[in-house]
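*Asks:* below is the sequence, then the predicted model.
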Amino acid sequence: MASTNQSPQYSKAEGMYLSSQTDEERLRWLKEMIKECPKHKSSERMLANLKTRYIKLSGQVEKSKKSKAGKAGIRKESMQAVIVGKTQTGKSSLISILTNAKPEIGNYEFTTKFPVIGMTSFEGASIQLVENPAIESEFYDKGLSHTADTLLILITSFNQIQEIEKELGRTTNKKIIVFNKIDSLSEEEKRKISSKLQSKKYNFVIISIRTKEGLGSLKEKIFQSFDKIRIYTKEPGKEKSNNPVILEKDSNIKDVAEKISKGFFLRVKETRIWGPSSKFAGQKVGLTHRLKDLDVVEFKTK
């Protein structure tokens, strides 16, 4: 990349480019060369070549980063929901509001280039939320959508449902249609959207990320999709714990004990329960008693 009549700053950048060991370093110095290249007619061709090289190298670096991110994988938590949708439907804004994640949010297409992970809580239950890049982009991770427990299909128009379902193909996970941007609609328009989604027998919620309307209902639907129950434990004479034990539906007292500690059920002398599965408050039950969501279990040990 020989140059003539260039400034000392350009020559330095060119030298650093030629001696760079990685594509990231070359990209940095190419950017500097473009900045320092004279902007007059005789250098137009040279500047165009530099920009073409920069674009090509940027693509290679981006592809390499994506490949490394894919190999690293995502550690799946016990309850995982993945947000899928087309570009500019509000995926990054949604995960930013519901979780501790801080994704890049822009008013241009395909802002998200890698999956974004965050954690949200619903009445003490921790849920992993993952934003998948736009389904029509080269960065979309198909495997991530197929292994998720629940898919949140984020849309802003009805036609997007069919387009997204076609891209998803055959999947066995639960699906929730999330219709966003209802803050610009009248109450009558909202009613019509709900009626149409209901007639198609979709599990759905209509929301506005801007006004936060419907986000509480969304979190509840996400938790319900996992078919789990929350069981609170307590010690005799004390209040129940703040954080529930999360179990599969139809779990029993022994399952709670095992979740607390392996073999703990062998030390249990007496169990009392309060809540939906009890006939009365403080009912004594055995290890095989089937529990329901929001039950409170008290163990007395030997």
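*Replies:* On my side now, so go ahead.

*Asks:* quick one: the strands in this structure?
*Replies:* Assigned by DSSP state E, the chain shows strands spanning 80-85, 116-122, 125-131, 150-155, 174-179, 204-206, 228-234, 245-248, 268-274, 283-285, 296-301.

*Asks:* got the ones you listed as a markdown table, with mean pLDDT, distance to Ile95 and mean neighbour count columns?
*Replies:* Every residue, glycine included, has its C-beta placed from N, CA and C. Written out in a markdown table, the entries for the strands of the chain read as follows (pLDDT from 0 to 100; distance: least, CB to CB, whole Å; neighbours: other CB atoms under 10 Å):
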| stretch | mean pLDDT | distance to Ile95 | mean neighbour count |
| --- | --- | --- | --- |
| strand 80-85 | 95 | 6 | 25 |
| strand 116-122 | 90 | 5 | 18 |
| strand 125-131 | 92 | 4 | 22 |
| strand 150-155 | 96 | 10 | 25 |
| strand 174-179 | 95 | 12 | 22 |
| strand 204-206 | 95 | 16 | 21 |
| strand 228-234 | 93 | 21 | 20 |
| strand 245-248 | 92 | 21 | 17 |
| strand 268-274 | 94 | 36 | 17 |
| strand 283-285 | 96 | 41 | 15 |
| strand 296-301 | 94 | 32 | 18 |
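
*Asks:* so which of the ones you listed comes closest to Lys35?
*Replies:* Go through the strands of the chain one by one with CB to CB and the one that ends up closest to Lys35 is strand 116-122, at 31.0 Å.

*Asks:* can you name every helix or strand that that closest one contacts?
*Replies:* With contacts defined as 3 or more CB pairs under 8 Å, 6 or more residues apart in numbering; DSSP states H and E, strand 116-122 has these neighbours: helix 91-98, strand 125-131, helix 215-225.

*Asks:* got the contact list for the nearest residue in space to Arg53 that is not next to it in sequence?
*Replies:* Nearest residue to Arg53 in three dimensions, chain neighbours excluded: Leu30, at 6.3 Å (CB to CB, 6 or more residues apart in numbering). Neighbouring residues of Leu30 by CB atoms under 8 Å, 6 or more residues apart in numbering: 17, 50, 53-54, 57.

*Asks:* ok, 10 Å please
*Replies:* With contact set as CB atoms under 10 Å, 6 or more residues apart in numbering, Leu30 has these partners: 1, 13-14, 16-17, 20, 23, 50-51, 53-58.

*Asks:* follow-up on the earlier one: out of the strands of the chain, nearest to Glu36?
*Replies:* strand 116-122 (35.5 Å).

*Asks:* now do the closest one against helix 91-98: the angle between them, please.
*Replies:* Orientation of strand 116-122 against helix 91-98 (axes from the mean of the first three to the mean of the last three CA atoms, to 10 degrees) gives an angle of 40 degrees.

*Asks:* turn the strands of the chain into a markdown table, columns for distance to Arg191.
*Replies:* Supplementary listing: the strands of the chain in a markdown table, determined by distance: least, CB to CB, whole Å:
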| stretch | distance to Arg191 |
| --- | --- |
| strand 80-85 | 23 |
| strand 116-122 | 27 |
| strand 125-131 | 28 |
| strand 150-155 | 18 |
| strand 174-179 | 12 |
| strand 204-206 | 10 |
| strand 228-234 | 32 |
| strand 245-248 | 35 |
| strand 268-274 | 40 |
| strand 283-285 | 44 |
| strand 296-301 | 39 |
